[in-house]
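K.L.:
Got a sequence here, can you model it:
(one chain, ligands or ions: 2)
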Amino acid sequence: MIRAERVLEDVVRIRVEHPGTYIGHVNLYLIELDDGRLLVDSGFRQTAGELVEELRRLIGGSRLETVLLTHIHNDHTGGASEVATAFRPKVRMHQRDIDVIGFMRETVEGGGRQLKALGLDDSLREEVLGFFRFNLQHLSMGYEPLVGGEEFHSRAGRWMVVPTPGHTPGHVTLFDERRRVLISGDHLLPNETSNVSYYPMEGYDALRSYLGSLVLTEELGPELVLPSHGEPFGNVRERIDYLFLHHEKRLREALASTGDGNSLMGVARGISWSRGRFDGLGPIDRWLALLETLAHLQFLINGGFVETRWDAGTVVYAATGRDASEIKEVLEEIRRRG
Ligand SMILES: [Zn+2]
Ligand SMILES: [Zn+2]
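P.N.:
Numbering: from 1, shown residues only. Ligands and ions are numbered 1, 2, ... in the order given. This next block holds a predicted model:
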């Protein structure tokens, strides 16, 4: 089911429901530009046909100029190729998320070798490979990369692309400085803590990036946030305070479960997940939980709290002895300086 409502003079929110997933719904935003329309995100693959119909109605005689994808996840990109076929817009996504498509393709072609090295068991590896194959079907198309700083002019404002890496390496948001409105994608959500995932990219520390992006967002000073999931909200500072505390707790749990040495899955079992215990999660949630565990471990490794060693072909994570109370200081330093 799709519901469209005007939320700003130049922005229509398109709420796309997909009851088949726990995500439930995703919000897309259609911005009326000086020259055509800009669609932010494209919903699920399963709702693509319905979205095309709704867009025909909403766009009428105008032209869909650009589809801007905030990030690679399938609740945001699933409808892009059908929308592209119907309206021939430019499809734009940040280069670092375009690179993730390459990683998925290599992983599938390599039969999941990379996943085995991460310590995934056979059944989870098969599930993840299936998930990658599903994603590659709707992600394989031509993109025009974003780098940040691009501007889109509408009759009521000027929307600037602001990269906010962390949820994914190439996540972007759109900010209108004059009205202080942020279209936040999955970077900042009212009711959920965004998943922060490790990606095997040289020099990329996902959690460090995410926290830095939160500080940047605070500095931008949005007064209204239009998120991809949930209702529009304000009180950004309070939300960011909460997210820093949330990750501090998670870092402490991850550190505590490394102990004298533990596997990735072992550490993930020591973390309290919002959807329940690790072993009770569905396969894709377990995969996301592992990537989030890795992101926290990498942050702890870079901070000197955890070290790795190899044991019988798999990586073992162990505490170095740096005191857990110092995690708070590291986070406070980031909060002060970004
Ligand atoms: Zn996402
Ligand atoms: Zn999402």
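K.L.:
So the helix or strand encompassing residue 101, near ligand 1 or not?
P.N.:
If you go by DSSP states H and E, residue 101 is part of helix 95-109. No. Using CB under 5 Å from the ion, helix 95-109 stays clear of ligand 1, with a minimum separation of 10.3 Å. Yep, even glycine has a C-beta here, placed from its N, CA and C like the rest.
K.L.:
Just the buried residues of that helix, please?
P.N.:
96-98, 100-101, 104-105, 107-108 (16 or more other CB atoms under 10 Å).
K.L.:
Just the buried positions in stretch 127-140, please.
P.N.:
Result for stretch 127-140 [16+ other CB under 10 Å]: buried residues 127-129, 132, 135, 138-139.
K.L.:
swap that for stretch 281-291, sorry
P.N.:
In stretch 281-291, counting by 16+ other CB under 10 Å, buried: 281, 284-291.
K.L.:
Could you give the bridge partners of residue 175?
P.N.:
residue 160, residue 182 (DSSP bridges).
K.L.:
Enumerate every residue touching it.
P.N.:
Contacts for residue 175 (CB atoms under 8 Å, 6 or more residues apart in numbering) come out as 159-160, 162, 181-183, 220, 222.
K.L.:
Swap in 6 Å and give it another go.
P.N.:
160, 162, 182, 220 (CB atoms under 6 Å, 6 or more residues apart in numbering).
K.L.:
per-residue pLDDT, the first one?
P.N.:
What it means is residue 160. Predicted confidence (pLDDT) at residue 160: the value is 98.
K.L.:
That one against residue 151, yeah?
P.N.:
Yes. The pair residue 160 and residue 151 qualifies as a contact (CB atoms under 6 Å) at a distance of 5.2 Å.
K.L.:
Looking only at neighbour counts, state which of those two leads.
P.N.:
residue 160 (16 against 9; other CB atoms under 10 Å).
K.L.:
roughly how far apart are the more buried one and residue 168?
P.N.:
Applying CB to CB, to the nearest Å, the value for residue 160 to residue 168 is 19 Å.
K.L.:
Spell out which parts of the stretch 101-250 of the chain neighbour ligand 2.
P.N.:
Close to ligand 2, as judged by CB under 5 Å from the ion, the stretch 101-250 of the chain has residues 186, 228.
K.L.:
Tell me which residue in the stretch 101-250 of the chain sits closest to ligand 1.
P.N.:
residue 186 (3.7 Å; CB to the ion).
K.L.:
Report pLDDT for that residue.
P.N.:
For residue 186, the pLDDT comes out at 98.
K.L.:
Identify the residues contacting it.
P.N.:
Residue 186 neighbours (CB under 6 Å, 6+ apart): 167, 194, 228.
K.L.:
Turn these into a markdown table, including neighbour count, pLDDT and secondary structure.
P.N.:
Compiled in a markdown table, those are given as follows (neighbours: other CB atoms under 10 Å; pLDDT from 0 to 100; DSSP: H, G, I helix; E, B strand; the rest coil):
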| residue | neighbour count | pLDDT | secondary structure |
| --- | --- | --- | --- |
| 167 | 26 | 97 | coil |
| 194 | 24 | 94 | coil |
| 228 | 26 | 98 | coil |
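K.L.:
Out of the residues you listed, which are close to ligand 1?
P.N.:
Answer for the contacts of residue 186 near ligand 1: none qualify (CB under 5 Å from the ion).
K.L.:
Going by neighbour count, which residues in the lowest-mean-pLDDT helix or strand in the chain are buried?
P.N.:
When each helix and strand of the chain is scored by mean pLDDT, DSSP states H and E, helix 113-117 comes last, with a mean of 81. Across helix 113-117, burial judged by 16+ other CB under 10 Å covers residue 115.
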